[in-house]
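1. the sequence and its predicted three-dimensional model are supplied below.
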Amino acid sequence: MCIRDRDCATYKQVATSLGKPTASRAVGNAIGRNALAYLIPCHRVIRESGALGGYRWGPDRKRVIVAKEGLVPTADNPQIRVGELG
């Protein structure tokens, strides 16, 4: 599974790609324990609504990281683009 640069995936997309479409919460818990968060791009996993969701080191840090990658929502488009998993 790969979340491409400049894309995000939802917790549900990740769960589905693992063959467990109802395991979104488990995916969130596993991502929350990721000690290599920047190297393994868990910051690119967001809520199905397009909202950022949680992050082990806090929502402000997640917002900064996704902003550096050009994924930040704007006033005109409050949701982040969700791409396809590769």
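-> Happy to help now that I have it.
2. where does this structure dip in pLDDT?
-> 38, 72-86 (pLDDT under 70).
3. which parts of this structure are strands?
-> 9-10, 45-46 (DSSP state E).
4. in CSV: the ones you listed, plus mean neighbour count and distance to Leu36.
-> C-beta coordinates here come from the backbone N, C-alpha and C atoms, glycine included. Converted to CSV, the strands of the chain look like this (neighbours: other CB atoms under 10 Å; distance: least, CB to CB, whole Å):
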stretch, mean neighbour count, distance to Leu36
strand 9-10, 22, 17
strand 45-46, 24, 14
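5. looking at those, which is nearest to Leu39?
-> strand 45-46 (14.3 Å; CB to CB).
6. show me what that closest one is packed against.
-> Helices and strands touching strand 45-46, by 3 or more CB pairs under 8 Å, 6 or more residues apart in numbering; DSSP states H and E, are strand 9-10, helix 11-17, helix 24-32.
7. if you set the cut-off to 7 Å instead, what comes out?
-> Applying 3 or more CB pairs under 7 Å, 6 or more residues apart in numbering; DSSP states H and E, we find strand 45-46 packed against no helix or strand.
8. direction included, what does it pair against?
-> The pairing partners recorded for strand 45-46 under DSSP bridges are strand 9-10 (parallel).
9. and Ile3, which of the strands of the chain is closest to it?
-> Among the strands of the chain, strand 9-10 sits nearest to Ile3 (CB to CB), with 4.9 Å.
10. distance from the closest one to the middle of the chain?
-> 5 Å (CA atoms, centre = their mean, to the nearest Å).
11. ok, stretch 1-17 next?
-> 7 Å.
12. so who does Tyr55 touch?
-> By CB atoms under 7 Å, 6 or more residues apart in numbering, Tyr55 lies in contact with 43, 61-62.
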